[in-house]
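Student: Quick check, what structure comes out for this input:
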Amino acid sequence: MTKTDLRPVKLPDDKKEAANHALARVRTYLAEHQEASQVRVSVQGENSEPLILPREAVELLASLLAHLGAGRAVSVVPSDAELTTQQAADMLNVSRPFLIGLLEAGEIEYRTVGTHRRITASSLLEYKRQDDHHRRLVADELTQLGQEMRMN
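Tutor: Numbering: from 1, shown residues only. As a prediction, this is how the structure comes out:
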């Protein structure tokens, strides 16, 4: 497996408007052509042949443009990419020792390569989804308890 490059891309302020303009055009096209499984894109240059893209790729492009236009940095990581413990910790915004505790507790699937642990991006994202869901449930429960206490 090749090394995963997680360096995020962030647009300079003077290019955010262009990203937002492109996003509006892409969203309009997708809304007007909901049945289309492919999108035909005209590219300026010597070869005037249109570029045919799968709809899913254009939907991902719209998502990227939305984040970039809002000033957020974006990285694209394949679901089967193997991450180092430091890369995984950075993606979860936790310390590496905390992440290793999660791995050893069986919270996140990983494999060992020599003495190093490798985590697939899909395993990491699945953990994050479950953790986010659990946090929402706890927050809802706390809100309900707070409301009940005020009523008594």
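Student: Can you classify L137 as helix, strand or coil?
Tutor: Of the three states, L137 takes helix under DSSP: H, G, I helix; E, B strand; the rest coil.
Student: how about the helix or strand bottoming out on mean pLDDT in the chain: buried residues?
Tutor: Each helix and strand of the chain was given a mean pLDDT (mean pLDDT, DSSP states H and E); the minimum falls on strand 38-41 at a mean of 89. Using 16 or more other CB atoms under 10 Å as the burial criterion, the residues of strand 38-41 that qualify are V39. Any C-beta I mention is one placed from the backbone N, CA and C, and that applies to glycine too.
Student: give me the number of residues near A89?
Tutor: Residue neighbour count, defined by other CB atoms under 10 Å, stands at 20 for A89.
Student: residue contacts, it?
Tutor: S95, R96, F98, L99 (CB atoms under 8 Å, 6 or more residues apart in numbering).
Student: switch the cut-off to 7 Å
Tutor: Contact analysis of A89 by CB atoms under 7 Å, 6 or more residues apart in numbering lists S95, R96, L99.
Student: Skipping its backbone neighbours, what lies nearest the second one in space?
Tutor: Using CB to CB, 6 or more residues apart in numbering and skipping residues adjacent in sequence, the residue nearest R96 is A89, 4.5 Å away.
Student: Alright, that wraps it up for me.
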